[in-house]
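1. sequence first, then the predicted structure, then my questions.
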Amino acid sequence: MVSRSQFLLRPETMHQVSIIVAKEELPNLLSYAGRQQMIHLMTVEDEQLPPGAVPFEATSLLSKSATIKNRISALASALQPIEGQTEKIEAPIHNIDELALFLDQETSKLEGSVRQLEESQGKLLADKERTSELSRFLSGLEAVGMPLGAIGSSGFLVTLAGECARESTVSIQRDLDELTYGNLIFVITHSAERTQTFLAIFPRAFEDDAKQAATALGAKVEEPWAELPPDPKEAKEFTDVRLAEIEDAAKKFDHQRELLTKEYGPRLKTLEYLTEILEARSRAVSNSSTTESTYILRGWVAEYRVKGLTEGASQACNGLVSVHVEKGQEGQEVLHGASLENGLEAKEHQNPPTLVRVPGWTKPLQSVIDNFGIPSYHETNPLVFMILTFPLIYGLMFGDFGEGPIFLALGLFLLYLKRKKVKIFEIGQLFVNGAELIVMLGVGITIFGFVFGDFFGFESQAVFGFRPFFNPNEGAFASTPDISHLLIYMAVILLFGVGHYFSGLVLSAYNKVRNHEIKHALYGPISWAWFYIIFIYLAAQVVIAGYKFGVLLQNPLLLVLLFIPMGIMGWKEGPLHLFEVFISAGSNTLSYLRIWALNLADFAIKFAFFSFGGIGGAIIGNLLVMILEGLIVFVQTLRLHWVEWFSKFYEGSGLSFAPYREPASWTV
């Protein structure tokens, strides 16, 4: 048995399996696999097909699935059904082709009612835009006292609205102007990327000719408004009445949409679930091969779940299924993770996905690692170390045993929401998902707050009467500043940085030794660590001596020991690698001073706000620190891990384990 610590250090051992299932039992198999989420499906290569098997032709099915999904999404956008309300539908879920046909027919039925409503609302919206534009135009004429009758000698006016290509607008305006002998008002009411809509007002005598001219130039024209009064005030009243009628019609359409949502919403939600099933199963069979009576699926399964898959699939498929653990060329099982000596997956060009099992409370921190890169089987998962170092570094920058409990309370509240599966606004949901990590950070803040004696920016001795273990800022803000504690804290942080940096090299050497790359371990991380320790020791000697570099010549043996690993790395790993090692030895180590700087900034901000604003200023200062600096400190903590530490041993080149799944809201 593998211990829990080993689970955290490296991914699960994976087996490659082939599943042969009777065609009529495929839906039962996929339904079972979708619920269990245990198998990462992969494409069956042509050269690996057994005799008599051919790749399943799924192009048409995938196309249908994508089309139906888009149509269902459009309907959901139009009706906006209520979450959770579904309707039980007798659907042919045991046959993929029949399910696709069923969804196509059901979608068409809903589209008929919705399309009619959408078209009516579209026409009403266009009418509203045209009328509103005309109303604004008439208001302008009324303001300057210009009658519409000035356009024509007598008679009523008409309006002509339409849509045309952008390049045709000028031609339409010119032709209408010539046709009406200049008795034309022409306004562009809306511009899109390729089209423009226009509104033309002219004497009624030119109505038919104007409509024909606009149509001839490719415009889609609407029925013109006739009997528009020549007096601007009367015409304005005419358009206002029309706008009121449009508003009444819009309310009726909204009410009709609500009725459609109430009537068809639950059914549409069920169709959405069925569409997800269709899409998932279509993708599954697209990776399969088939014979006359069976489907053949291939995928990766965690070693500890192979037995459960075999037994569960047999029960789900009434025994008409066979699960085979693949054998390599030498008759061994194709697996990955337990030992890198087997090498079968590399020989056969397999890329197994990475499945990392971690305790639930560490998943947010694991997601931080996964955002950098998924752990591969050739490297150590840094989670077990970051459980300690992430809150530790955060606390070193942000220690405050007044703010720490607030972080803890916030984290516990978010954890409550998370366990109750409460959904909130998008950005807030990110914090809910990371509730456990916020609790961990709260612990780090609180512990180092007690160590530093910092309570909302006040010293613990002044508030509670006990001296802190060590206050980095003690005396730094006195009338006669004393920076001795700051210098001590700087030295402590640099020592911590050296240890963190060195641990990355140790993990790199461990990875290479575990991968049986002994020579690479010696020429790479071991030589690097050798050089780094001597480099740091000599740098410390120079600083202690007051930056007198002559002190390096007092012990020539150390210089020899410094150049030996440099020569080894330059010879075996190349000059570029040696240059990177030399530069990072100083820059990466000094980068840890951001811990010292942010700790100082944290106290300085709270001290400044209290000095200038009293208790009110202290409250504002602490709120500012918790919100802004809290985020800044998180980013810097992340950077010290991703850049300074991960660069020594972690690439994150793994493939994420993506098990086959079906929507949980539907029960077959």
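-> Thanks, I have the structure now.
2. need the contact list for residue 447.
-> For residue 447, the contact set (C-beta atoms under 8 Å, 6 or more residues apart in numbering) comprises 395, 399, 404. No exception for glycine: its C-beta is placed from N, CA and C like everyone else's.
3. for the last one, the count of nearby residues, please.
-> Okay, so that is residue 404. Counted by other C-beta atoms under 10 Å, the residues lying close to residue 404 total 24.
4. now it: closest residue in space, sequence neighbours ignored.
-> Spatial nearest neighbour of residue 404, excluding adjacent residues (C-beta to C-beta, 6 or more residues apart in numbering): residue 446 at 3.0 Å.
5. return the distance of the helix ranked longest in the chain from the chain's centre.
-> Scanning the chain for the longest helix, with DSSP state H as the assignment, gives helix 232-286. Averaging C-alpha positions (C-alpha atoms, centre = their mean, to the nearest Å) puts helix 232-286 30 Å from its chain's average.
6. stretch 10-27 now?
-> Counting by C-alpha atoms, centre = their mean, stretch 10-27 comes out at 29 Å from the chain centroid.
7. number of nearby residues for residue 463?
-> Number of residues near residue 463 (other C-beta under 10 Å) recorded here: 12.
8. from memory it sits against residue 455, does it?
-> Yes: between residue 463 and residue 455 there is a contact at 5.3 Å, judged by C-beta atoms under 8 Å.
9. the bottom helix or strand of this protein by mean pLDDT?
-> Taking mean pLDDT, DSSP states H and E as the measure, the helix or strand of the chain with the lowest value is helix 344-347, at a mean of 39.
10. about what we covered before: pLDDT averaged over the longest helix of the chain - what is it?
-> Average pLDDT, helix 232-286: 84.
11. swap in stretch 639-656?
-> 94.
12. name the residues of that stretch that are buried.
-> 640, 641, 642, 644, 645, 646, 648, 649, 650, 652, 654 (16 or more other C-beta atoms under 10 Å).
13. export the contacts of residue 447 to TSV and tack on secondary structure?
-> Formatted as TSV, the contacts of residue 447 follow (DSSP: H, G, I helix; E, B strand; the rest coil):
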residue	secondary structure
395	helix
399	coil
404	helix
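14. where exactly do the helices run in the stretch 401-550 of the chain?
-> Along the stretch 401-550 of the chain, the stretches classed as helices by DSSP state H, counting those that start in this stretch are 403-419, 426-433, 435-452, 460-463, 484-514, 518-521, 527-544.
15. the first one to helix 435-452, inter-axis angle?
-> What separates the directions of helix 403-419 and helix 435-452 is an angle of 170 degrees, with axes from the mean of the first three to the mean of the last three C-alpha atoms, to 10 degrees.
16. ok, residues contacting helix 403-419?
-> Against helix 403-419 from outside (C-beta under 8 Å, 6+ apart): 395, 424, 431-447, 449, 456, 622, 625-626, 630.
17. just the buried ones from those, in PyMOL syntax?
-> Buried members of those, defined by 16+ other C-beta under 10 Å, are picked up in PyMOL with:
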select buried, resi 395+431+432+434+435+436+437+438+439+440+441+442+443+444+445+446+447+449+456+622+625+626+630
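18. coming back round to it: after the longest helix of the chain, which helix or strand is next?
-> strand 289-290 (DSSP states H and E).
19. ok so, going back, tell me the most buried of the helices of the stretch 401-550 of the chain?
-> Comparing the helices of the stretch 401-550 of the chain by mean neighbour count (mean count of other C-beta atoms under 10 Å), helix 435-452 ranks first with a mean of 22.
20. average pLDDT for it?
-> Per-residue scores along helix 435-452 average to 95.
21. if we can go back for a sec, quick one: contacts for the residue nearest to residue 404?
-> By C-beta under 8 Å, 6+ apart, the neighbours of residue 446 are 395, 401, 404, 405, 407, 408.
22. and if we set it to 10 Å?
-> With contact set as C-beta atoms under 10 Å, 6 or more residues apart in numbering, residue 446 has these partners: 391, 395, 399, 400, 401, 402, 403, 404, 405, 406, 407, 408.
23. do you know how far residue 458 is from residue 405?
-> For residue 458, the distance to residue 405 equals 15 Å [C-beta to C-beta, to the nearest Å].
24. swap in residue 580?
-> For residue 580, the distance to residue 405 - C-beta to C-beta - is 43 Å.
25. got it, and residue 235?
-> Distance of residue 235 to residue 405, given as C-beta to C-beta: 70 Å.
26. swap in residue 15?
-> 47 Å.
27. next: residue 660.
-> 44 Å.
28. same thing with residue 416?
-> Residue 416 is 16 Å from residue 405, where distance means C-beta to C-beta.
29. OK, contacts around the residue positioned nearest the centre of the chain?
-> The chain has residue 371 as the residue nearest its centroid, 9.4 Å off, counting by C-alpha atoms, centre = their mean. Neighbouring residues of residue 371 by C-beta under 10 Å, 6+ apart: 638, 642, 652.
30. burial count for the closest residue to the second one other than its chain neighbours?
-> Closest residue to residue 642 in three dimensions, ignoring its sequence neighbours and counting by C-beta to C-beta, 6+ apart: residue 372, at 5.4 Å. Residues within reach of residue 372, counting by other C-beta under 10 Å, total 16.
31. contacts only, for residue 372.
-> 382, 638, 641, 642, 643, 646, 650, 651, 652 are the contacts of residue 372 under C-beta under 10 Å, 6+ apart.
32. read off the pLDDT value for it.
-> At residue 372, the predicted lDDT confidence score is 95.
33. likewise residue 302?
-> Note for residue 302: predicted pLDDT of 91.
34. go on, residue 480?
-> pLDDT at residue 480 comes out at 85.
35. can you give me phi and psi for it?
-> phi -110, psi 100 (degrees, to the nearest 10).
36. gap between it and residue 197?
-> Residue 480 is 76 Å from residue 197, by C-beta to C-beta.
37. which stretch of helix or strand covers residue 136?
-> helix 96-144.
38. got the angle between that helix and helix 232-286?
-> Counting by the same axes, to 10 degrees, helix 96-144 lies at 160 degrees to helix 232-286.
39. just give me how far whichever helix or strand comes after helix 96-144 sits from the chain centre.
-> Going down the chain from helix 96-144, the next helix or strand is strand 157-165, by DSSP H and E. Distance of strand 157-165 from its chain centroid, counting by C-alpha atoms, centre = their mean, is 46 Å.
40. could you check the angle the helix or strand that strand 157-165 is followed by makes with strand 157-165?
-> Once strand 157-165 ends, the next helix or strand along the chain (criterion: DSSP H and E) is helix 169-179. Helix 169-179 and strand 157-165 meet at an angle of 150 degrees, taking the same axes, to 10 degrees as the criterion.
41. what's the angle from the next helix or strand after helix 169-179 to helix 96-144?
-> Scanning forward in sequence from helix 169-179 by DSSP H and E, the next helix or strand is strand 185-191. With the same axes, to 10 degrees defining the directions, strand 185-191 sits at 140 degrees from helix 96-144.
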